[in-house]
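Asker: this is a predicted model, with the sequence first.
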Amino acid sequence: MTAIKLENVYYAYEADEGEKPVNAVDGVSLEVEEGSFVAVVGHNGSGKSTLARLFNGLLLPDSGSVTVFGMDTKDEKQIYSIRSSVGMVFQNPDNQMVASVVEDDIAFGPENLGLPRDEIIRRVDRALEQVGMSEYRKSTPFRMSGGQKQRLAIAGVLAIRPKVIVLDESTAMLDPKGRREVMDVIHALNKEEKMTVIHITHYMEEVQEAERVIVMDGGKIAVDDTPRAVFARGEQLKKYKISPPAVTLMADALADCGADIARDIATEEELEDAICRLLCKD
Amino acid sequence: MRDIAFGQYYPVSSPVHRLDPRLKIIFTLMYIVTMFFVASYFGYALVLCFLLTVCAVAHVPPKAMFKSIKGIIVLLIITAILNLFFYAGEASVEWTWWIFTVSPEAIDFALKMMFRLILLIMGTTILTFTTGTSELTDAIESLFKPLNLIKIPVRDIALIMSIALRFIPGLIEETDKIMMAQKARGADMESGNIFKKIKAMLPVIIPVFVSAFRKADELADALDARCYQASPKRTKMKKMSFAWRDLIAFLIFAAFVAIIFLDKYLWGGLDGYIVQAFQSLMG
Amino acid sequence: MPIVVQGLSFSYSKGTPFEKKALDNVSLTINDGEFVGIMGHTGSGKSTFIQHLNGLIKVQEGSVEVNGIRLTNAKRPKPDYKKLRATLGMVFQYPEYQLFDDTVIKDVSFGPKNMGYKKEEAEAMAREALRLVGLDPDEVGAKAPFELSGGQKRRVAIAGVIVMKPKILVLDEPTAGLDPYGKEQILNLILRLKKECSPTVIVISHDMDEITRYANRLIIFGDGKVAFDVPMTELFKHGSELEELGLETPSAVRMANALKARGVDLGEGIVNMDTFTAAVLEKLRQKGEKVEDFNGIDWFGEKNKENAPLSDGVFGEGV
């Protein structure tokens, strides 16, 4: 089933007086299958974040349509069904928490939905379990690490029981350990709970773990393929101001200098094998 | 700046923490009013004993409560001096030195004012020590619910309060950071007169404001994404209901208030004798 | 003149129940011309350490000496903070958040004005600083900082620090929150600044692959102590220690070690992608294969372009 469908979507932010508005999203058509893990990459200003905000009706397209499980985001009556189907986690964990105690913050979404009390408690319990933070229920997030805070932000979204979770550069402000924690959580959600994940990121190692990569450039979809196929187009990617992961770059550099090494290498093991094939023979 | 003790929540579990927060707010208000009826040193001693007992039951170290006075120490000294030298009431004896005049009554009055202030602050900090900010805002929301009838959006106001409280520590940290960054660029924020100092603070205040607005923008998106205003009937995870312990707490508190009032109106200040003894000693 | 730190200890909220030890008897020397990378988890003491270097935190115990300016817990003599801060420039995390003035040129000249330079002198210095960070003062000088893009704002903020031509430049996570292209540009900018203005550079980072590409010495903080301090060229010997500290081994080192176990010894001194690639090519050459010369990995296809922004002399500098 299609979770999110975009048809010929255009969106432009209001321009300053006397200036022409530029389309931040410029004619995008796209379908995201339920249960898939999609990474979205692109340099700053390529339209990724605007795209993310179109997915759950935080922004509405100037023209074209966005449908979420068959519901049009322009339909005002459906907007809260849409927002509870497409959860969104933002970049700075500090700026998306409303309460000073963990459980109160996570309860915020279900409270807004007007759910009965015991259902809210069940959801808070479950959401904390899903992100592995159950023992922090009564704590205050202020002194926690970035990774922990961001996991709580994810729990806050999970408590509204979305079918799709959109992460808008949610790993950008974290250290490597925090990034790993967040990635582990969203992979578990995708694999074990069949949740659809749309992960917007700058980190190519995270992209490698996705099923599908969408490269944005100038508000348009530049490439839409598997990570391996995308990274094999080294030269083309550079044009979009993104770089393949370190191993692929090294394989590329070796191949450029005349070594017999494939350009679509995606993991360290593959590169080691390829080098070994050339050098281990003797 | 990081050492502000006021409003710090002590995250432990205790009978006081578990009391209905609405009741705790009412207690605090009653406590503030009662403080103006304390008539004697015996009364102040009683209040102090009461606070220490509450601290013990709440598992809050009394040290933390005393620390809360640190912030108002300057205010305390100033009021004490003013009361001491500008006491306007009757005086039995007067000791004069240069332009200063002091009487036993002035000393008595100044001391009582000081105790009153100290105990007021200490008592109200117990509320913030034992009640989380979200509990507080929930309680305020519940107490002011009747205002909904006259179209005051109590729920939104409570949410704004709760968010404001949540963002304060972050903004203080941010201010610290920006202050350091500007100092590293040679900014001098300590010397000069008051106007110079205010001007010197602009490179800190402006970025903090900008940052607050940026945070607010992101937060607005996050609120929307989490279905804020989805349902006209927003529910609450935490149910507030009076329990037996609330009734017991109420009785204990009522007894405490009763003694203070008895001391003032019936016994006429139990320590009248002490003052007399003091006067005869000095006289 | 180097930086000499001796027996430096520091606690936050000292003397209260909330007391927390942040630095514990840290001693180290950083020599002129070094490019030092500092790593460590949040709370390891690394930020507290660098804040000591220009007197933003008062020394509690031990001493710090920067270019002959000595900081101790003694009240007198009062150190010359202005001179210290002109000698050691500090770029904080997300430095663009500290921009405050209504034009770029005014903001950048804030430092020199604080140091007592006249408006015209200060603005001339600001113009030069903007040029140094790769911005055209005529184009951006009169603009308001908020009109600029994220990467440009960060450059303006860095200009506001290097405007005093500090001999030592300290940067706290200078690439945080930027996209890969923006990161590359800032890193290249730091190399340029090292060459043209501040010969000693200290960078705090979380990214091992980034640090190994640029720094020539790695210091790791843990629990308020210096847990690890080695020249970059010897990093490959310390893989297991890095893991004990909860840090990832650089991928090049990991692969070199794996290949060694399989019988391909790429030799010593492998720390980053460039040295790894060069070593593999050297091996192939020794085997008689025809391979071309390698001059560094080309991240964004701009290395050999004339107008490449700040990517001159990127490679082979740090190591």
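Answerer: Nice, I can see it. Numbering: from 1, shown residues only, chains lettered A, B, ... in the order given.
Asker: which intervals of chain A have sub-threshold pLDDT?
Answerer: A:281-282 (pLDDT under 70).
Asker: tell me who's in contact with residue A:250.
Answerer: By CB atoms under 8 Å, 6 or more residues apart in numbering or on different chains, the residues touching residue A:250 are A:271, C:252, C:273, C:276, C:277, C:297. (C-beta placed from N, C-alpha, C; glycine too.)
Asker: take these and keep only those in helices.
Answerer: Residues of these located in helices (DSSP state H): A:271, C:252, C:273, C:276, C:277.
Asker: between these, which is nearest residue C:159?
Answerer: residue C:273 (29.8 Å; CB to CB).
Asker: quick one: contacts for the closest one?
Answerer: Residues in contact with residue C:273, defined by CB under 8 Å, 6+ apart, are A:246, A:249, A:250, A:253, C:209, C:213, C:251, C:252, C:297.
Asker: switch the cut-off to 6 Å
Answerer: A:246, A:250, C:252, C:297 (CB atoms under 6 Å, 6 or more residues apart in numbering or on different chains).
Asker: top of these by number of neighbours, please.
Answerer: Among those, residue C:252 has the most neighbours (other CB atoms under 10 Å in any protein chain shown), with 28 neighbours.
Asker: so it touches residue C:276, yeah?
Answerer: Yes: with contact defined as CB atoms under 6 Å, residue C:252 reaches residue C:276; the gap is 3.8 Å.
Asker: which residues are in contact with each of those two?
Answerer: Contact criterion CB under 6 Å, 6+ apart; residues shared by residue C:252 and residue C:276: residue C:270.
Asker: and the strands in the chain?
Answerer: I went with chain A, as the question did not name one. Per DSSP state E, chain A carries strands over the ranges A:2-12, A:23-33, A:37-41, A:63-68, A:71-72, A:86-89, A:164-168, A:196-200, A:212-217, A:220-225.
Asker: think we crossed wires, I meant chain B
Answerer: Counting by DSSP E, the strands of chain B are B:95-97, B:100-102.
Asker: quick one: which of those strands is nearest chain C?
Answerer: Closest approach to chain C among the strands of chain B (CB to the nearest CB): strand B:100-102, 34.8 Å.
Asker: tell me which other helices or strands the closest one touches.
Answerer: For strand B:100-102, there is no helix or strand it packs on, judged by 3 or more CB pairs under 6 Å, 6 or more residues apart in numbering or on different chains; DSSP states H and E.
Asker: the strands of chain B: which one's closest to residue B:40?
Answerer: Short answer: strand B:100-102, nearest of those by CB to CB, at 21.2 Å.
Asker: report the buried residues of the closest one.
Answerer: Across strand B:100-102, burial judged by 16 or more other CB atoms under 10 Å in any protein chain shown covers residue B:102.
Asker: what does chain B put close to chain A?
Answerer: Proximity of chain B to chain A is confined to B:132-134, B:163, B:166, B:169-170, B:215, B:218-219, B:221-222, B:224-228, B:230-231, B:233-235, B:237, B:239 under the rule CB under 6 Å from any CB of the partner chain.
Asker: count of residues packed around residue 107?
Answerer: Answering for chain A, as no chain was given. 27.
Asker: could you do chain B instead?
Answerer: Number of residues near residue B:107 (other CB under 10 Å) recorded here: 17.
Asker: same thing with residue C:66?
Answerer: 25.
Asker: which SS class is the residue of chain C positioned farthest from its centre?
Answerer: No residue in chain C has its C-alpha farther from the mean C-alpha position than residue C:288, which lies at 40.3 Å (CA atoms, centre = their mean). Following DSSP: H, G, I helix; E, B strand; the rest coil, the label given to residue C:288 is coil.
Asker: how about chain C: which residue is closest to chain B?
Answerer: Taking CB to the nearest CB as the measure, the point where chain C comes nearest chain B is residue C:114, at 3.4 Å.
Asker: count the neighbours of the closest residue to that residue other than its chain neighbours for me.
Answerer: With CB to CB, 6 or more residues apart in numbering or on different chains as the criterion, residue C:114 has its nearest non-adjacent residue at 3.4 Å, and that residue is residue B:186. Each residue near residue B:186 was counted by other CB under 10 Å, and the total is 20.
Asker: give me the sheet partners of the helix or strand hosting residue C:5 and which way each runs.
Answerer: With secondary structure defined by DSSP states H and E, residue C:5 is part of strand C:3-12. Applying DSSP bridges, strand C:3-12 is found paired with strand C:20-30 (antiparallel), strand C:61-66 (antiparallel).
Asker: report the rounded mean pLDDT for the helix or strand encompassing residue C:284.
Answerer: Element membership of residue C:284 [criterion: DSSP H and E] is helix C:273-286. Taken as a whole, helix C:273-286 carries a mean pLDDT of 91.
Asker: in it, what's buried?
Answerer: For helix C:273-286, a neighbour-count test (16+ other CB under 10 Å) marks C:273, C:274, C:275, C:276, C:277, C:278, C:279, C:280, C:281, C:283, C:284 as buried.
Asker: do stretch A:229-244 as well
Answerer: Buried residues in stretch A:229-244 (16+ other CB under 10 Å): A:230, A:231, A:232, A:233, A:234, A:237, A:238, A:240, A:241, A:242, A:243, A:244.
Asker: up against chain C, what does chain A have?
Answerer: So far as CB under 6 Å from any CB goes, chain A lies against chain C at A:43-44, A:145, A:172-173, A:175-176, A:202, A:238, A:241, A:243, A:246, A:249-250, A:253, A:257-259, A:268, A:272, A:275-276, A:279-280.
Asker: are any of those residues buried, and if so which?
Answerer: A:43-44, A:145, A:172-173, A:175-176, A:202, A:238, A:241, A:243, A:246, A:249-250, A:253, A:257, A:259, A:268, A:272, A:275, A:279.
Asker: returning to what we had before: mind checking which of the residues of chain A next to chain C are in helices?
Answerer: Per DSSP H, the residues of chain A next to chain C map to helices at A:176, A:238, A:246, A:249, A:250, A:253, A:268, A:272, A:275, A:276, A:279.
Asker: helix or strand right after whichever strand or helix holds residue C:128?
Answerer: If you go by DSSP H and E, residue C:128 is part of helix C:119-132. As assigned by DSSP H and E, the chain's next helix or strand after helix C:119-132 is helix C:137-140.
Asker: dump the C-alpha coordinates for that next one into PDB.
Answerer: The C-alpha trace of helix C:137-140 is given here as PDB (Å, rounded to 0.1, in the frame of the first residue of the first chain):
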ATOM      1  CA  PRO C 137      33.600  42.600   2.100                       C
ATOM      2  CA  ASP C 138      32.000  44.900  -0.500                       C
ATOM      3  CA  GLU C 139      29.300  42.300  -1.200                       C
ATOM      4  CA  VAL C 140      28.400  41.200   2.400                       C
END
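Asker: how far off centre is it?
Answerer: Computed by CA atoms, centre = their mean, to the nearest Å, the chain-centroid distance of helix C:137-140 equals 26 Å.
Asker: returning to that earlier point: between the ones in helices among the residues of chain A next to chain C, which is closest to chain C?
Answerer: residue A:238 (3.5 Å).
Asker: now the element after the longest helix anywhere in chain C, going C-ward?
Answerer: Longest helix in chain C, counting residues (DSSP H): helix C:180-196. Counting by DSSP H and E, the next helix or strand C-terminal to helix C:180-196 is strand C:200-204.
Asker: just the residues contacting that following strand, thanks.
Answerer: In contact with strand C:200-204 (CB under 6 Å, 6+ apart) are residues C:32, C:34-38, C:46, C:168-173, C:194.
Asker: so among those residues, which ones count as buried?
Answerer: In those, the ones that pass as buried (16+ other CB under 10 Å) are C:34-38, C:46, C:168-173, C:194.
Asker: pull the number of nearby residues for residue 169.
Answerer: Just so you know, I chose chain A. 22.
Asker: that answer is for a different chain, and I need it for chain B
Answerer: Neighbour count for residue B:169, taken as other CB under 10 Å: 18.
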